[in-house]
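Colleague: generate coordinates for the sequence data below:
(one chain, ligands or ions: 1)
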Amino acid sequence: MEHTAALSIRSISKTFTGQRALDEVSLDIQAGAVTALLGMNGSGKSTLIKILAGVYAPDPGGTLSVRGQDLPMPLTPAAAHTAGLRFLHQDLGLVDALTIADNFALSDGFFARSSFSPVRLRKEHANVAATLELLGINENPGRLVGDLSPSTRTMVGIARAFQHRSGSGGGAGSLNDSTTADVDSLRRNILILDEPTASLPAHEADRVLALIDMLRSHGGTAVYVSHRIEEVRRIADNVAVLRDGRLVADEPLGERDAAAVVSLVIGRELEAPAIRPAEEREGAVLLEARGLSGPRLDRIDLAVRAGEIVGITGLLGCGRSELVRLIAGAQQPAAGTMVLAGKPYTPGSAADAITAGVACVPQNRRRDGVVLDLGVGENLTLGRLSRYTRGPVLNRAAEKAAAADLSRRYLVKAASLAAPVRSLSGGNQQKVVVARAASGSPLMLLLDEPSQGVDALARQEISRLLKELADDGVAILVASTDYDDFVGLADRVLVLDRGRIAAELSGPEITEDGIALACQTGAPA
Ligand SMILES: Nc1ncnc2c1ncn2[C@@H]1O[C@H](COP(=O)(O)OP(=O)(O)OP(=O)(O)O)[C@@H](O)[C@H]1O
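Modeller: Predicted coordinates:
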């Protein structure tokens, strides 16, 4: 393994209005190794990555160099690309309606030309096939991206980042030009991934990690952002930690266990979660579903008691999210009935569900969970303004105080309550969604992948607040593919398999390994 710096970051700072997101960050990224870039929500990871990508200009004074060569500052996206910096952002930037090969061509500016020439098309397909093969991706370049599994899409996104144009001149687009990747391009470029596995189920994430492993075995260099500590332990050689915009650790991962990595990130030890006494879970049945069916669900019977926390998990396509959507009124069942608090429950929309007392934290927070251009405070109290009005008059002070209280309890890090949600880090946006859903005094709270992109401390805090809600009698249903979400939180975990409940775990059976096994075999460990 080489030990030179592939990328040197020197004195990089970034100030947004009213907020210093990065403060004199200096860091060497070792060549031929995977560096995990860690930090709590809002610590500055994405800001640093956007500076490396040439998307944000840093404050004057900092420098960047790749293999000893200074980069022009402020960096442009084109100069970052020329220097060999390659990025995989969370939204992969792939077009579902196009084939893998067309997506490769699109990013390289070949699209318009290549689509009309059968000769070029064949050649491009062969090149794309070679690139996929080099990275161990067993897919036909002619397949539509929309038909790929989530992990394959991510892997295709990585492969595409490594293509480079080679050719024998004749100008861009000549028949001898081609896009391809070879071992040299894997070694030469630096791959920077911003939470590539955040929305992938654990077993799908494994495939992406294996690909990064393979990249390293070819001598490749990667910077990897993740809140999933087990992944970091598996993949990283080095860890660099940002806290409040400052670099506070830059060292080899060594033999650190998960707790040690977490304390490096949060700056102290994470306390063990409190166990809920059993008597808290003995409420009356609040929601009862019978024969609930939909495109992915097959006659589900389910009862959730007041004060109970029930987990729902399963492998890809098991029907987990559909179950949440049916109960949340976002989708209508093909068959089956539901009863909520003793009354028939047939929500025709999410608004109906909320009126009936069922609140939901949806999976896609940017689309369904927050209004990005409204302030943090307004998002927190959205839909609940009647609480802060007397007659026609809105009591702004009461609304503000309620928003401030929620923001404090859910550890939302924002410049101010007036800051638009768009300016928050991903994890902090998620905390706003959870806080709002939980604050409306629901009878039942549904959460779909609640810890996506949320740091370890906030995750534990959300867990603690969910337990408090359950202690107050709220029925809670948590759908997740991150089995760690259930440990120390759920009273029961239901494992779905092809639309049916295949296993149920409770009490001490609820461990990451126990759930993983039940997901694979359909039976509790
Ligand atoms: N466009 C922006 N305008 C104003 N403030 C911003 C903007 N982008 C980021 N910030 C602020 O900069 C800080 C760092 O945010 P950043 O997105 O880099 O965090 P992060 O470490 O990537 O967090 P997460 O783990 O939640 O994704 C945050 O306090 C955020 O509110």
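
Colleague: sec struct for Arg290, please.
Modeller: At Arg290 the chain is in strand, as set by DSSP: H, G, I helix; E, B strand; the rest coil.

Colleague: residues in contact with it?
Modeller: By C-beta atoms under 8 Å, 6 or more residues apart in numbering, the contact set of Arg290 is Asp301, Gly336, Thr337, Met338. The way it works is simple: take the backbone N, C-alpha and C, and place the C-beta from them, glycine included.

Colleague: most neighbours, which of those?
Modeller: Within the contacts of Arg290, most neighbours by other C-beta atoms under 10 Å means Met338, with 21 neighbours.

Colleague: confirm that residue sits in a strand?
Modeller: Yes - assessed by three-state DSSP, Met338 belongs to a strand.

Colleague: could you check how far the closest residue to it other than its chain neighbours is from Ala289?
Modeller: Closest residue in space to Met338, ignoring its immediate chain neighbours: Tyr345 at 4.3 Å, by C-beta to C-beta, 6 or more residues apart in numbering. From Tyr345 over to Ala289 the distance is 9 Å, taken as C-beta to C-beta, to the nearest Å.

Colleague: pull up the overlap in contacts between those two.
Modeller: Common neighbours of Tyr345 and Ala289 (criterion: C-beta under 8 Å, 6+ apart): Met338.

Colleague: quick check: Val434 touching Ser463?
Modeller: No - assessed by C-beta atoms under 8 Å, Val434 is found out of contact with Ser463, at 10.6 Å.

Colleague: between the two, which is the more surrounded one?
Modeller: Taking other C-beta under 10 Å, Val434 and Ser463 do not tie; Val434 has more neighbours (25 against 22).

Colleague: for the ligand, see how far away the more buried one is.
Modeller: According to C-beta to the nearest ligand atom, to the nearest Å, Val434 and the ligand sit 13 Å apart.

Colleague: what helix or strand is that residue on?
Modeller: helix 426-439 (DSSP states H and E).

Colleague: output the contacting helices and strands for that helix.
Modeller: strand 358-361, helix 376-381, helix 396-409, strand 444-448, helix 456-471 (3 or more C-beta pairs under 8 Å, 6 or more residues apart in numbering; DSSP states H and E).

Colleague: make a markdown table out of these and add mean pLDDT and distance to the ligand.
Modeller: Formatted as a markdown table, these follow (pLDDT from 0 to 100; distance: least, C-beta to the nearest ligand atom, whole Å):
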| stretch | mean pLDDT | distance to the ligand |
| --- | --- | --- |
| strand 358-361 | 91 | 16 |
| helix 376-381 | 86 | 10 |
| helix 396-409 | 83 | 13 |
| strand 444-448 | 94 | 18 |
| helix 456-471 | 88 | 9 |
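
Colleague: of all these, which one is nearest Arg243?
Modeller: Among those, the nearest to Arg243 by C-beta to C-beta is helix 456-471 (11.3 Å).

Colleague: check which residues of the closest one are buried.
Modeller: Across helix 456-471, burial judged by 16 or more other C-beta atoms under 10 Å covers 456-463, 465-467, 469-470.

Colleague: repeat that for stretch 134-145.
Modeller: Those would be Leu134, Leu135, Ile137, Glu139, Pro141, Val145, for stretch 134-145 by 16+ other C-beta under 10 Å.

Colleague: next one: that stretch to chain centre, how far?
Modeller: Offset of stretch 134-145 from its chain centre (C-alpha atoms, centre = their mean, to the nearest Å): 24 Å.

Colleague: next one: stretch 156-166
Modeller: Distance, centroid of stretch 156-166 to centroid of chain: 23 Å (C-alpha atoms, centre = their mean).

Colleague: now do the buried residues in that stretch.
Modeller: Buried residues in stretch 156-166, counted by 16+ other C-beta under 10 Å: Val156, Gly157, Ile158, Ala159, Arg160, Ala161, Phe162, Gln163, His164.

Colleague: now it: mean pLDDT?
Modeller: In this model, stretch 156-166 has a mean pLDDT of 81.

Colleague: repeat for stretch 362-369
Modeller: Stretch 362-369 carries an average pLDDT of 70.
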